[in-house]
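Participant: 3D model of this:
(one chain, ligands or ions: 1)
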Amino acid sequence: MDQTSRNVLIIDDSYEDATLISRMLEKNPNVRYEIEIVNNYCDAALRLTTPFDICLLDQNLGGATGLDLLRTVEGTLLPGPVIMVTGSSSQWLDESALEAGVCDYLPKQELTPALLDRSIRYAMTKFSKDKELRRIASHDSLTDAFNRRYFSELCDRALDDFNVCGRVDNLSIVYIDIDNFKSINDTHGHQAGDLVLCIISKRIANRIRANEVLARIGGDEFAIYIPDSSKEQVEAEVTRLRNTIAEPIDIGDGKKLIVEASIGVSRYPDQGKSIEDLLKQADAEMYSDKEDHRAPPHPVRASAH
Ligand SMILES: Nc1nc2c(ncn2[C@@H]2O[C@H](COP(=O)(O)OP(=O)(O)OP(=O)(O)O)[C@@H](O)[C@H]2O)c(=O)[nH]1
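Facilitator: Model prediction:
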């Protein structure tokens, strides 16, 4: 019989406990567990940015706690279901862990292979059923880009990661505001305005790298989270974004618009140590760019096809 395969992430600072849990998992003849063990807070914070089938999280992680980790991640950012498996059993921790987004809470002293297996199945099923709810909570309904809330959570978490774990800080925030967008609504109608927002959002999404995140953070405003890029790389990306945004947009009835955007960039930590400061600074840079783009969008003749 084919075995189901599951990728399990065990976050535990005790090697003995992690081994004990692994042995329990291996007792299930129907499931092949690919086990990955992470034993400290900073590696765990980084690992929680990429998918897993199930995460078994300990509360004590050296100086920090599993709860700290969950609080920096927030529900919409968790890439998989988490079960807290810990020796420190208390009603307060049980409730706090649930509040912080875990699917279950298992005291280590009560663990059995059967209990662990059932808890994992329940957690995976629940997480998969909540997928649509998480998508709605994290996305903008018009453009399907991420929304402002998700963007802030993501940036807060990245900054926390930099500050607590001292990781390389090559992070930029790009702020994009469409020029004279109101006049598109006024001249061509709100529906045309919606179409322009969707097309621009899709163009930007197609341009950015897999580790960058695009969000619509206001009516005609977008932001991009860009990790691991030098100042020069970000400048080159901004030029590419300007060009892709300015390609003619077909709004129907033989009409095409050329839309431009004003763009500002801020870099962590020189131009801000918090997401609010970074966005504020990128917004200020965007406004100085805006001064050059005051002409209204001009219609161009539709092409023959
Ligand atoms: N079609 C459409 N319009 C929107 C949406 N959200 C906000 N808006 C409109 O976007 C317009 C933004 O106007 P402004 O903030 O004045 O921006 P602008 O006209 O681009 O002016 P500048 O930024 O100075 O170039 C407002 O008229 C809003 O009503 C939306 O989801 N769809």
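Participant: tell me the spacing between the residue in the stretch 51-200 of the chain positioned nearest to the ligand and residue 243.
Facilitator: Of the stretch 51-200 of the chain, the residue with the smallest distance to the ligand, taken as CB to the nearest ligand atom, is residue 193 at 2.7 Å. All C-beta atoms are positioned from the backbone trio N, CA, C, and that covers glycine. Distance, residue 193 to residue 243, by CB to CB, to the nearest Å: 22 Å.
Participant: how about residue 289?
Facilitator: Distance, residue 289 to residue 243, using CB to CB: 15 Å.
Participant: of those two, give the one with the bigger neighbour count.
Facilitator: The residue with more neighbours, out of residue 289 and residue 243, is residue 289; 20 against 11, by other CB atoms under 10 Å.
Participant: ok, that one - contacts?
Facilitator: Contacts here follow CB atoms under 8 Å, 6 or more residues apart in numbering; on that basis residue 289 touches 262-264.
Participant: what about the residue in the stretch 201-305 of the chain that the ligand sits nearest to, neighbour count?
Facilitator: Here the stretch 201-305 of the chain gets closest to the ligand at one residue, residue 219, 2.5 Å apart by CB to the nearest ligand atom. The number of residues packed near residue 219 is 13, by other CB under 10 Å.
Participant: likewise for the one 10 residues further on?
Facilitator: Residue 229 has 18 neighbours, counted by other CB under 10 Å.
Participant: and the pLDDT at it?
Facilitator: You'll see residue 229 listed with a pLDDT of 91.
Participant: residue contacts, it?
Facilitator: Under the criterion of CB under 8 Å, 6+ apart, the contact partners of residue 229 comprise 170, 172, 237.
Participant: tell me the secondary structure at the last one.
Facilitator: Per DSSP: H, G, I helix; E, B strand; the rest coil, the secondary structure class of residue 237 is helix.
Participant: from residue 265, how far out is it?
Facilitator: For residue 237, the distance to residue 265 under the criterion CB to CB works out to 9 Å.
Participant: where does the residue nearest to residue 62 when sequence neighbours are not counted land in three-state SS?
Facilitator: Counting by CB to CB, 6 or more residues apart in numbering, residue 13 is the residue found nearest to residue 62 once chain neighbours are left out, at 5.4 Å. Following three-state DSSP, we place residue 13 in the coil state.
Participant: any regions of this protein where pLDDT drops low?
Facilitator: Within the chain, the ranges that satisfy pLDDT under 70 run 1-2, 74-76, 168, 293-305.
Participant: so which bits of it are right by the ligand?
Facilitator: Residues of the chain lying close to the ligand (CB under 6 Å from any ligand atom) are 142, 177-182, 185, 190, 193-194, 197, 219-220.
Participant: test my guess that the residue of the stretch 51-200 of the chain closest to the ligand contacts residue 181.
Facilitator: Yes: taking contact to mean CB atoms under 8 Å, the distance of 6.7 Å between residue 193 and residue 181 places them in contact.
Participant: sort out which residues of stretch 34-42 are buried, please.
Facilitator: 35, 37-39, 41-42 (16 or more other CB atoms under 10 Å).
Participant: that stretch: how far from the chain's middle?
Facilitator: Chain-centre distance of stretch 34-42: 21 Å, with CA atoms, centre = their mean, to the nearest Å.
Participant: next, the distance between the ends of that stretch.
Facilitator: Stretch 34-42 has an end-to-end distance of 22 Å (criterion: CA to CA, to the nearest Å).
Participant: which residues touch that stretch?
Facilitator: Stretch 34-42 is contacted by residues 5-15, 18, 22, 25, 44, 47, 52, 61-64, 68-69, 161, 164-165, 167 when judged by CB under 8 Å, 6+ apart.
Participant: so residue 14 touches residue 62, yeah?
Facilitator: No: here residue 14 lies out of contact with residue 62, judged by CB under 8 Å, at a distance of 10.5 Å.
Participant: which of these two has more residues huddled nearby?
Facilitator: Comparing residue 14 with residue 62 by other CB under 10 Å, the one with more neighbours is residue 14, at 15 against 10.
Participant: can you pull the contacts of the more buried one?
Facilitator: The neighbours of residue 14, taking CB under 8 Å, 6+ apart as the test, are 39, 58.
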